[in-house]
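**Student:** I would like to see how this sequence folds:
(chains A, B, C and D)
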2 protein chains.
Amino acid sequence: MKKQGEDILKNSALSVTASRKRILEIFLDADNALAHQDIETKCADQYDRVTIYRTLQTFLEKGIIHNIPSTDNMVRYALCNDACITTGHHNDNHVHFRCDACGKTVCLDDVNIPPVNLPKGYTMKEINMVVNGICKSCK
Amino acid sequence: MKKQGEDILKNSALSVTASRKRILEIFLDADNALAHQDIETKCADQYDRVTIYRTLQTFLEKGIIHNIPSTDNMVRYALCNDACITTGHHNDNHVHFRCDACGKTVCLDDVNIPPVNLPKGYTMKEINMVVNGICKSCK
DNA sequence: ATTAAGAATGCAACTTTGTTGCAAAAGTAT
DNA sequence: ATACTTTTGCAACAAAGTTGCATTCTTAAT
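**Tutor:** Okay, the predicted model is just below:
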């Protein structure tokens, strides 16, 4: 299990570096989505701010993580599920939940986004759904 | 029609000031959602950046505008529809659409967000749906 | 209409967040 | 082990957002 992060990097054809392994580890350990800031507080002493920005960008492009929109100017990131990473096919069709009590944002992997009918002339490429309220841990 | 902005302010128990009227006017004229930056470029010569921040904050709190989440760290704002403002009751249950071609974000007022079943233990308070793709004007 | 009280604005200073170019260091493949 | 490529850290900068306070504008009551 120690090698999990390294494997993800190799599968994505990325070179294996200490900072990438560490940031992946942070995601693997987390039970919720992380903002840039969260990651920075966990390892800014070890790695430069700029490196974190670039690493998140790289992970996004490779489909290792996906981002979750927000209304607070704090885009959050979460690991894509295994199928996503191994197949290369993206299926981030799940709902995200933000708890107003604990502030955590999580992926509800089992809750699919319901289909929507757009008006004539609109073409859908991606869809994002974020629900907030109280999570099961807080209530 | 000239008084529309002023009426909105009065209905929300806000004092009528030049900057608030101007910012409301910008929203009334716009056919898409606006980021802070958009507003700034339209009136930063007339009003201070700080005033714009505070005005948007106030409008949000009063329910005059609502915000639209994004993954690009550019929260956008749009006027709530009339019913929203007059009844004080929020019903921003519509889908938002972001066009990848023209970059505009719009409210699809006629497209309701479909219901979602959350797992046991989760309570929903708000829900947000953002679709992106190509809008009817661009294709 | 005038005025007093309260609210909003502008300014200045500051903090945080994000970006870019470049030299040094580390990783990869031979 | 070496040459080549990629990544990192640093520095400098640009942009975004925040706060306190003095001044100005609104409002409501006289």
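
**Student:** going forward, measure contacts between C-alpha atoms and count neighbours the same way
**Tutor:** Noted.

**Student:** since we're on the nearest residue to A:D31 once chain neighbours are set aside, how many residues are nearby?
**Tutor:** Among residues not flanking A:D31 along the chain, A:V106 sits closest, at 7.4 Å (CA to CA, 6 or more residues apart in numbering or on different chains). Close neighbours of A:V106, defined as other CA atoms under 10 Å in any protein chain shown, add up to 22.

**Student:** any idea which element A:V106 lies in?
**Tutor:** Under the criterion of DSSP states H and E, A:V106 resides in strand A:105-112.

**Student:** going on from that strand, what's the next piece of helix or strand?
**Tutor:** Using DSSP H and E, the first helix or strand after strand A:105-112 is strand A:123-134.

**Student:** Contacts for that following strand, please.
**Tutor:** A:68-69, A:93-101, A:113, A:118, B:122-136 (CA atoms under 8 Å, 6 or more residues apart in numbering or on different chains).

**Student:** tell me which residues in it are buried?
**Tutor:** Within strand A:123-134, the residues that count as buried by 16 or more other CA atoms under 10 Å in any protein chain shown are A:123-124, A:127-134.

**Student:** average pLDDT for it?
**Tutor:** What strand A:123-134 shows for mean pLDDT is 96.

**Student:** if we can go back for a sec, so what's the residue nearest to A:D31 bridging to?
**Tutor:** A:F97 (DSSP bridges).

**Student:** How about the contacts made by the closest residue to A:N117 other than its chain neighbours?
**Tutor:** The shortest distance from A:N117 to any non-neighbouring residue, by CA to CA, 6+ apart, is to B:V111 (7.4 Å). By CA under 8 Å, 6+ apart, the contact list for B:V111 reads A:117-119, B:94-95.

**Student:** Could you tell me which of those count as buried?
**Tutor:** For the contacts of B:V111, buried by 16+ other CA under 10 Å: A:118, B:94-95.

**Student:** which among the residues you listed gets closest to DNA strand D?
**Tutor:** Among these, B:V95 lies closest to DNA strand D (CA to the nearest atom of the strand), at 22.5 Å.

**Student:** Then that closest one would be within a strand, right?
**Tutor:** Yes: under DSSP: H, G, I helix; E, B strand; the rest coil, B:V95 sits within a strand.

**Student:** Before we move on, what's the pLDDT of it?
**Tutor:** So, for B:V95, pLDDT stands at 96.

**Student:** pretty sure it is touching B:D109, no?
**Tutor:** Yes: the criterion here is CA atoms under 8 Å, and B:V95 meets it with B:D109 at 7.0 Å.

**Student:** C-alpha coordinates for the strand holding A:V106, CSV please?
**Tutor:** The C-alpha coordinates for strand A:105-112 follow below in CSV (Å, rounded to 0.1, in the frame of the first residue of the first chain):
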residue,chain,number,x,y,z
THR,A,105,-16.9,19.1,1.1
VAL,A,106,-17.2,15.5,0.1
CYS,A,107,-17.9,13.4,-3.0
LEU,A,108,-21.1,11.4,-2.8
ASP,A,109,-19.8,8.8,-5.2
ASP,A,110,-23.0,6.8,-5.0
VAL,A,111,-25.3,9.7,-5.9
ASN,A,112,-25.5,10.3,-9.6
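
**Student:** Report the buried residues of it.
**Tutor:** The neighbour-count check on strand A:105-112 (16+ other CA under 10 Å) flags A:105-107, A:112 as buried.

**Student:** neighbours of A:N81, just the number please.
**Tutor:** Residues near A:N81, counting by other CA under 10 Å: 17.

**Student:** how far away is A:I113 from DNA strand C?
**Tutor:** As judged by CA to the nearest atom of the strand, to the nearest Å, A:I113 and DNA strand C stand 26 Å apart.

**Student:** From B:V116, how far out is that residue?
**Tutor:** Look at A:I113 and B:V116: by CA to CA, to the nearest Å, they are 8 Å apart.

**Student:** Would you mind telling me which of these two has the busier surroundings?
**Tutor:** It is A:I113, of A:I113 and B:V116, that has more neighbours when counted by other CA under 10 Å, with 20 against 15.
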